[in-house]
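Peer 1: the amino acid sequence is not available; the structure is as follows:
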């Protein structure tokens, strides 16, 4: 069966020495190439040759222990926090312990705006604008970056949801370029840092990374300033709710800088991760015409020639399963690193204080003991008729435990709408599919932008 299924781009695992030698020889800075074959076979295993010590945890029960049962013992890893603090400060996405709990309860009212019934009209408006741009590209036959196009679309959705205003097209490219610089160059996810730095070492960031963070934060800040000028609570949206939010225990609200931090997290989580997943979705669909035909048949049967409404987008099982399978193969957050705050044990393995505890959706989702044909594209594995194939706890594209992504339903609905509408209307053609390769940074992205053309659907 596996021979007939498509294998999307991914490294072929090798032994640990071979993997390291390959990375050094090619001067790569791609953690996916460094992962050895045991990462896809063992349930818990050390990843050697690191000064800090790294243990990779794949067993679902042990993952649950780290991310839920002993969450304060395993806070977010210092390298991960060091990577993001220049972008989002000590926002809820990177904080731990009581600070995280205070932020979470303060922001609770803002989370209501992530409810999919409230957000759906903004999603539709953004897709309407995106289709108009694609119509022009189809008519002119122009080539464009799939990555940048998906980045613009998802940034427009989240900007409309947070600030109730569309994203300017020129600004979208600036934001995409800034995120691209940040992800490719931020120091904490470099292989050199991973292997050679001691735990809790201070991580200086290059000037161009700090400049990229400044540009992203300036974009968020300018949107906030416009809201303050119009009246902080003039619109009932995420920004308005965050500005008005008060800790129910202390009555304290957020400062301007804290608002930029927290709204920056909404923007990062609601834009960059979904853009990554949709980029991989449309690349895979460009290589799988039979899957495109099935999506079109489902959408045509459910919707006909009319608009894709809220109830339609929620009831397209094959569309949803395609997206779920893309999230399995290319989880938006490749690694969810934690750090042991004290000497402890995970299962029967002793773990020293300062050890990086690596929870890797990438390896869990491709683990040979957890999935059938783990590196093959098979959206039907998520069909209800095959429920028994999926190991509980082995699928975590949105994280796990108390810090699971609150936007999971938002992202799934958004993706279902985007896939249904764009596949119904266009054919995507990748210019050089053989050169596409995944790169693990903060998100799972193509190593180089994917150039595509679109044409209007022929039939």
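Peer 2: Now that the structure is in, tell me what you want to look at. Bear in mind that the values here come from a model prediction, so they are computed numbers and not experimental data. Numbers count the residues shown, from 1 in each chain.
Peer 1: CA only for contacts and neighbour counts going forward, please
Peer 2: Fine.
Peer 1: next secondary structure after the helix or strand bottoming out on mean pLDDT in the chain?
Peer 2: Counting by mean pLDDT, DSSP states H and E, the chain has its least confident helix or strand at helix 16-26, which shows a mean of 62. For helix 16-26, the following helix or strand on the C-terminal side (DSSP states H and E) is helix 31-34.
Peer 1: what mean pLDDT does the one helix or strand residue 266 maps to get?
Peer 2: If you go by DSSP H and E, residue 266 is part of helix 256-267. In this model, helix 256-267 has a mean pLDDT of 87.
Peer 1: tell me what that helix is packed against?
Peer 2: With contacts taken as 3 or more CA pairs under 8 Å, 6 or more residues apart in numbering; DSSP states H and E, helix 256-267 sits against helix 78-88, helix 146-163, helix 207-230, helix 238-244.
Peer 1: other SSEs contacting the second one?
Peer 2: This points to helix 146-163. Using 3+ CA pairs under 8 Å, 6+ apart, helix 146-163 sits against helix 116-140, helix 169-185, helix 238-244, helix 256-267, helix 273-287.
Peer 1: apply 10 Å and report the result again.
Peer 2: Other elements packing on helix 146-163 under the criterion 3 or more CA pairs under 10 Å, 6 or more residues apart in numbering; DSSP states H and E are helix 116-140, helix 169-185, helix 207-230, helix 238-244, helix 256-267, helix 273-287, helix 408-425, strand 451-456.
Peer 1: buried sites along the longest one?
Peer 2: In terms of neighbour count (16 or more other CA atoms under 10 Å), helix 116-140 has its buried residues at 116, 119-124, 126-127, 130-131, 134-135, 137-138.
Peer 1: what angle separates the helix holding residue 266 from helix 273-287?
Peer 2: 20 degrees (axes from the mean of the first three to the mean of the last three CA atoms, to 10 degrees).
Peer 1: quick one: buried residues of helix 256-267?
Peer 2: For helix 256-267, by 16+ other CA under 10 Å, it's 258, 259, 260, 261, 262, 263, 264, 265, 266, 267.
Peer 1: report how many residues lie close to the closest residue to the last one other than its chain neighbours.
Peer 2: Residue nearest to residue 267 in three dimensions, not counting chain neighbours: residue 158, with 6.4 Å by CA to CA, 6 or more residues apart in numbering. Residue crowding around residue 158 was assessed by other CA atoms under 10 Å; the count is 27.
Peer 1: list the contacts of residue 158.
Peer 2: Listed by CA atoms under 10 Å, 6 or more residues apart in numbering, the contact set of residue 158 reads 114, 119, 122-123, 126, 152, 164-167, 238, 266-271.
Peer 1: what distance do you get for it to residue 91?
Peer 2: 18 Å (CA to CA, to the nearest Å).
Peer 1: what count of nearby residues applies to residue 435?
Peer 2: 12.
Peer 1: I'd say it and residue 448 touch.
Peer 2: Yes - using CA atoms under 10 Å, residue 435 is in contact with residue 448, at 8.4 Å.
Peer 1: from what I see, residue 449 and residue 143 are in contact.
Peer 2: No - using CA under 10 Å, residue 449 is not in contact with residue 143, being 11.9 Å away.
Peer 1: correct me if wrong: residue 180 contacts residue 212.
Peer 2: Yes - assessed by CA under 10 Å, residue 180 is found in contact with residue 212 at 8.7 Å.
Peer 1: higher neighbour count, these two?
Peer 2: Using other CA under 10 Å as the criterion, residue 180 and residue 212 rank with residue 212 on top: 24 against 17.
Peer 1: surely residue 341 forms part of a helix?
Peer 2: No - remark: residue 341 does not belong to a helix; assigned using DSSP: H, G, I helix; E, B strand; the rest coil, it is coil.
Peer 1: which parts of the stretch 351-459 of the chain are strands?
Peer 2: With DSSP state E, counting those that start in this stretch, the ranges of strands along the stretch 351-459 of the chain come out as 356-359, 426-430, 438-440, 444-446, 451-456.
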